[in-house]
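*Asks:* A structural model of the following input is requested.
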Amino acid sequence: MEHESERGAFEFTGSWREYAPIAFTNLLLTMVTLGLYSFWARTRTRRYLWSQTRFIDDRLEWTGTGRELFLGSLLVMLLVLVPIAALNLLAGGLVLQGSTIGRIVGVLLFPLSYGFLFALGGLAIFRALRYRLSRTYWHGIRGGSDAQGFRYALSYVGHSLVGSFVFGLLVPWAMISMWNERWNAMSFGPYPFRSGALTNGLMRRYLPFYLVPLMTVILAVLLAYAVGLKAADGQPNPLFVIGGGIVLYLLFAGLLGLVGLSYYAAYFRQGINNLTLGHLEFEFTARTMDWLKLTLGNAALVVCTLGVGAAFVSYRNWAFFVRHLRAYGMLDAEQFTQSTTPAPRQGEGLFDSLDMGAF
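*Replies:* So this is what the prediction gives:
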């Protein structure tokens, strides 16, 4: 099963007209069931998107079920979120009671519970990727991981803490390190993924995060000075002050958003461009302007349709990803055997419960 070194290993053949009945049905049933159908809606969406995605000579297949996603979220709610809420109530009760020891224990329980919740975020990211690979089939072969994700969760906490040092200047290093660690624990069929992403070029995309607030403060000072000059009686025009504040806020939010898109585009490109599977090498071609068009298009779709267009955001995101994804190299059909990694029984409930999912 050879792959010629040319663009076109990945192809998305879906259309929004074909997807529309699925999107509107999902939206209607989710509203009628007060959100309960969202698990099955996500499964229908993935089944369609995967089936319309060709890789080399065969289409992808999604084998996950809505029941898996529902049970995963239910288990997380019962076994994780409820105990954490109970722990916080206990901590609050100990702080309010009169004994000194009780107050000390209560105060210590708060950071411990939130630290545990933060570690669960890392576990959720790892297990969501493991689950999605285990339910993605190509030529009848699936992916997965032998790791459970607990070691990654501890590493996630450690890297996040180190990344926050020196005013957050180590954040790019932490993000790339966690990308490599996450993907190096995954496999597809008999082949392990190998990721050797570096921070090359990321820092110059990251540093403007510090410049935007500084520029905003300078503009605010200049604006205040201008308002003072225009105030003949010493009292500035309130409308001018409010209008200037709104302009500064929009400018700050817009510039920060552009910086974030620029950084994420470089980060995502660096990650995928250094990812391999056996003799296959991957490349992602989307630049900052491509991400900006996608983001603005999604926002306009949602706003102009009064929220109804949100049902098509998953479709647009997936089509964008596949159309910018490239692969080079070859796969040996005789060596491409079924994965021996264990398949998780539940879906990405933890990922959803912590509001970290996309679609």
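
*Asks:* neighbours of residue 128, just the number please.
*Replies:* Per other C-beta atoms under 10 Å, the neighbour tally for residue 128 reads 21. To be clear about C-beta, it is placed using only N, CA and C from the backbone, and glycine gets the same treatment.

*Asks:* Surely it is within a helix?
*Replies:* Yes - counting by DSSP: H, G, I helix; E, B strand; the rest coil, one finds residue 128 located in a helix.

*Asks:* So it versus residue 344, what's the distance?
*Replies:* Distance of residue 128 to residue 344, given as C-beta to C-beta, to the nearest Å: 10 Å.

*Asks:* do residue 216 as well
*Replies:* With C-beta to C-beta as the criterion, residue 216 and residue 344 are 45 Å apart.

*Asks:* Which parts of the stretch 251-359 of the chain are helices?
*Replies:* 288-304, 313-323, 349-353 (DSSP state H, counting those that start in this stretch).

*Asks:* what's the closest of these to residue 189?
*Replies:* helix 313-323 (19.9 Å; C-beta to C-beta).

*Asks:* residue contacts, residue 176?
*Replies:* Contact analysis of residue 176 by C-beta atoms under 8 Å, 6 or more residues apart in numbering lists 197, 198, 199, 202, 267, 270, 271.

*Asks:* what about the strands in the stretch 1-150 of the chain?
*Replies:* 10-12, 53-55, 58-59, 61-62, 136-138, 141-144 (DSSP state E, counting those that start in this stretch).

*Asks:* Work out the gap between the second one and the centre of the chain.
*Replies:* Taking C-alpha atoms, centre = their mean, to the nearest Å, one finds strand 53-55 lying 22 Å from the centre of the chain it belongs to.

*Asks:* can I get the strands of the stretch 1-150 of the chain in CSV with mean pLDDT?
*Replies:* Formatted as CSV, the strands of the stretch 1-150 of the chain follow (pLDDT from 0 to 100):
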stretch, mean pLDDT
strand 10-12, 95
strand 53-55, 95
strand 58-59, 94
strand 61-62, 96
strand 136-138, 95
strand 141-144, 94
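
*Asks:* Relative to residue 238, which of those is closest?
*Replies:* Sorting the strands of the stretch 1-150 of the chain by C-beta to C-beta, the top spot, which is the nearest, belongs to strand 10-12 at 52.5 Å.

*Asks:* buried sites along that closest one?
*Replies:* 10, 12 (16 or more other C-beta atoms under 10 Å).
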